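1. Return a 3D structure for these sequence lines:
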Amino acid sequence: MIHKRTPQPSGTRAAVIGAGSWGTTFGKVLCDGGAQVTMWARRPELAHEISEAKRNSKYLPGVNLPRTMQATHELALALEGAEQVYLSVPSQTLRENLKALRPLLAGRDVRVVSLMKGVERSSGLRMSQVIEQELRCDPDLIAVASGPNLALEIAREQPTAAVIASHSQETADAVARTARNSYFRSFVNTDVIGTEFGGVLKNLIAVAIGIVDGVGYGENTKASIITRGLVEMTDFAVANGARPETLQGLAGLGDLIATCQSPLSRNNTAGRLLGQGYSFQDVVKQMQQTAEGLASVAPVLQLAHESEVHMPIVQQVKMVLDGRMDPRDIAPHLTTDDDTPQEERTNHGQADGGGALRRAFQRAFDQLRNGGRSAGGDRP
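-> Residues are numbered from 1 along each chain as shown. Predicted coordinates for the structure are as follows:
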């Protein structure tokens, strides 16, 4: 059992835009680290429940929120005096939300942190790129947070870690100091591309895992797809400017494991419904919260085509989504260009006898065995 120390006020005033499960959970993380947090909720009744009852019964049932957490449905009030702004809205509505934020943040050196894991469908841009474009701010003031972060587990104060990435080491460090407490540890890196794409791509692999789980296939199939999925993620991210070691850290391998194995994962749940025979439209109707992976499939495949990266897992997920493939036929780990035996590529198109992937999994197991004291390429 973790004994919480009484947080000392950090002096950081933070606004969290979006009061769904992840936004509210991250607001709790910040509060428990000593920050002064104001949540923005689109619905006045949700803002009132958070402020008065210290609950978010729809998205975090049974969780008591910090007494210091405040909430409002008025955007200007939420942003008043904020030094850091955390964005947790559906990726496909980010641009619209930023248009409302822009005049309220104009002329202020506020650090803006993306908590989202998606790619804009219309443009193929990562969330940090959309933020820079719409807010017209210095990219050194933008950070992204990613990692094995299932909201309900963190809200229940189960120990976990995340990585904060920014082009500016100073910004990454400042956000990481604010986003940490007795049960949540933030590491840092400067690979924004790899950190963002890790969070996006693992959602797509999790949809595939959900599909085969819904069909009824077992652990061998899932382990094969997860393993090959990490290769696919690394190939794609590196081709688009990421560092390969980032995909072997918290934002890649760590998030991939958590999202693929947990029934709390929205993307895993969406895939499972597809595997059970529900149509894409039926799945969307049944999901109470956004499964970002479903919206990211098409733009990721377009970027893969432009980068000349082969992504059989994501391709087959799209075929299932489009109704062009029976979920029982999904087997992306079996696809090859011909019948010639292929090398097991484990690091951006190179065969090294399994070394890179083996080292990644060994690092993950070492972290578990050592209580999380090692984080590979993610610097504390």
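
2. Work out for me the element residue 143 sits within.
-> Assigned by DSSP states H and E, residue 143 belongs to strand 142-146.

3. so where's the stretch 1-150 of the chain uncertain?
-> 1-10 (pLDDT under 70).

4. Run through the helices of it in chain order.
-> 21-32, 44-48, 75-79, 94-105, 127-135 (DSSP state H, counting those that start in this stretch).

5. Same check on the stretch 251-380 of the chain?
-> So, for the stretch 251-380 of the chain - with DSSP H, counting those that start in this stretch - the helices run 255-261, 266-275, 280-286, 292-307, 312-321, 355-369.

6. Go through those helices and pick out the most buried.
-> Comparing these by mean neighbour count (mean count of other C-beta atoms under 10 Å), helix 266-275 comes out on top with a mean of 25. Yep, even glycine has a C-beta here, placed from its N, CA and C like the rest.

7. Let me have the helices of the stretch 251-380 of the chain in CSV, adding distance to residue 226 and mean pLDDT as columns.
-> Compiled in CSV, those are given as follows (distance: least, C-beta to C-beta, whole Å; pLDDT from 0 to 100):
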stretch, distance to residue 226, mean pLDDT
helix 255-261, 6, 91
helix 266-275, 12, 87
helix 280-286, 21, 79
helix 292-307, 15, 87
helix 312-321, 10, 91
helix 355-369, 10, 49
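
8. now the end-to-end length of stretch 151-167.
-> Distance between the two ends of stretch 151-167: 26 Å, counting by C-alpha to C-alpha, to the nearest Å.

9. actually stretch 174-193, sorry about that
-> One end of stretch 174-193 to the other measures 19 Å (C-alpha to C-alpha).

10. Adjust the sequence numbering to begin at 59 for everything that follows.
-> Okay, residue one is now 59; in that scheme the one you just asked about reads as stretch 232-251.

11. buried residues in that stretch?
-> Neighbour-count burial for stretch 232-251, with 16 or more other C-beta atoms under 10 Å as criterion, is recorded at 232-234, 236-239, 241-251.

12. which of the residues in the lengthiest helix in the chain are buried?
-> Identified as the longest helix of the chain according to DSSP state H is helix 250-273. For helix 250-273, the neighbour count (16+ other C-beta under 10 Å) marks 250-273 as buried.

13. What is that helix packed up against?
-> helix 185-193, strand 200-204, strand 218-223, helix 277-297, helix 313-319, helix 324-333, helix 350-365, helix 370-379 (3 or more C-beta pairs under 8 Å, 6 or more residues apart in numbering; DSSP states H and E).

14. any chance of these in TSV, plus distance to residue 76?
-> Converted to TSV, those look like this (distance: least, C-beta to C-beta, whole Å):
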stretch	distance to residue 76
helix 185-193	12
strand 200-204	13
strand 218-223	17
helix 277-297	25
helix 313-319	19
helix 324-333	15
helix 350-365	13
helix 370-379	25
